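>>> got a predicted model here, sequence first, then my questions.
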Amino acid sequence: MSSAGPVEGPGTAPAPARDPGAELPRGPGRHPAQGRPGRPEGLRERKKLATRQALGAAAMRLAIERGLDNVLVEDIAAAADVSPRTFNNYFASKYEAICALALDRSFQIGEALRDRPPSESLWDAVRNAVLDVYASATAAPSPEVIAGVRLVTSSPALRGEYLKALSIMEYELAAAITGRTSAAPAADTFFTRAFAGAITAVVQAATERWLFADPPVALAPVIERALHELADGMLAVLPAAIPPENGAPSGAASG
């Protein structure tokens, strides 16, 4: 009994082959060709986003309740009140569906940063963008739920999808930071990539701390504390001003 891939039945046309190379960024600003949540601009797009979110929520809920190995694509589709064929239009596997929330948040953080007021400093804008995306995570889960989440997310089968979400978060942030700093196009400066990588690492570390907190705690305050520690740590280890190297212009980090 397997649920690792798309479901096909007699008389059903196979799902279109997906280009594995389209799943990961191949350079600054490269996003997956399919499955990107984006910003719905019409009724049809909003319905598609709602279906995607319903499938992702159902996938995670069933995996927590039953265990990852005991969830079929058909189960997820039925829980979201759609057909397995519809499931295949959104996700290539149950693993991708389970990680949909993490992937969507990765895109949302970049979008939230672009929406921050120009008057905010870069640090405040990034911090507020991250916290806005996690604003709903203010309640501590039950011990049973968090135990289930730990079991699901510790599966090696999900590791690749989770790493993809982190990679996309870094690229999305780097591109959005570029827009605020007038840095080089394509978000390829050392600063934009390093700053985006630091924020991504902090979110990852905070999520891991949240997963193993005893008793369980809310995620949003853990991420807020982690961002605060990053800022304090950088101020502690960096001098007030670093002279330009070989005459290179300074001020790349200003907001």
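Looks like it arrived, so ask away. Numbers count the residues shown, from 1 in each chain.
>>> burial of the closest residue in space to R150 that isn't next to it in sequence, as a residue count?
Leaving aside its sequence neighbours, R150 sits nearest to L211 (Cβ to Cβ, 6 or more residues apart in numbering; 5.5 Å). Backbone N, C-alpha and C define where each C-beta goes, glycine included. Using other Cβ atoms under 10 Å, L211 has 17 other residues around it.
>>> kindly report the same for N128.
Quick note: N128 (other Cβ under 10 Å) scores 17 neighbours.
>>> which SSE is it in?
helix 122-133 (DSSP states H and E).
>>> what packs against that helix?
helix 100-115, helix 156-181, helix 190-211, helix 219-237 (3 or more Cβ pairs under 8 Å, 6 or more residues apart in numbering; DSSP states H and E).
>>> closest one to R127 among these?
Nearest of the helices and strands packed on helix 122-133 to R127, taken as Cβ to Cβ: helix 219-237 at 5.2 Å.
>>> pull the distance from the helix holding N128 to the chain's centre.
A distance of 15 Å separates the centroid of the chain from that of helix 122-133, by Cα atoms, centre = their mean, to the nearest Å.
>>> likewise stretch 135-148?
18 Å.
>>> now stretch 106-116
Worked out by Cα atoms, centre = their mean, stretch 106-116 lies 11 Å from the chain centre.
>>> let me see the mean pLDDT of that stretch.
Computed over stretch 106-116, the mean pLDDT rounds to 92.
>>> do stretch 73-88 as well
96.
>>> I'd like the numbering to begin with 39 instead of 1 from here.
Renumbered: residue one is now 39, and that last one reads stretch 111-126.
>>> alpha carbons of it, as PDB, please.
Extracted in PDB, the C-alpha atoms of stretch 111-126 (Å, rounded to 0.1, in the frame of the first residue of the first chain):
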ATOM      1  CA  VAL A 111      -3.000  10.500  -1.500                       C
ATOM      2  CA  GLU A 112      -6.700   9.300  -1.800                       C
ATOM      3  CA  ASP A 113      -7.100  10.000   1.900                       C
ATOM      4  CA  ILE A 114      -5.900  13.600   1.600                       C
ATOM      5  CA  ALA A 115      -8.000  14.200  -1.400                       C
ATOM      6  CA  ALA A 116     -11.100  12.900   0.300                       C
ATOM      7  CA  ALA A 117     -10.500  15.000   3.400                       C
ATOM      8  CA  ALA A 118     -10.300  18.100   1.300                       C
ATOM      9  CA  ASP A 119     -13.400  17.000  -0.700                       C
ATOM     10  CA  VAL A 120     -11.600  16.800  -4.100                       C
ATOM     11  CA  SER A 121     -10.600  14.000  -6.400                       C
ATOM     12  CA  PRO A 122      -7.100  12.400  -6.400                       C
ATOM     13  CA  ARG A 123      -6.700  13.800  -9.900                       C
ATOM     14  CA  THR A 124      -7.300  17.300  -8.500                       C
ATOM     15  CA  PHE A 125      -4.700  16.600  -5.800                       C
ATOM     16  CA  ASN A 126      -2.200  15.800  -8.600                       C
END
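>>> the residue most central in space within the chain and I261, how far apart?
Centroid check for the chain by Cα atoms, centre = their mean gives S144 as the closest residue, at 2.9 Å. Per Cβ to Cβ, to the nearest Å, S144 is found 14 Å from I261.
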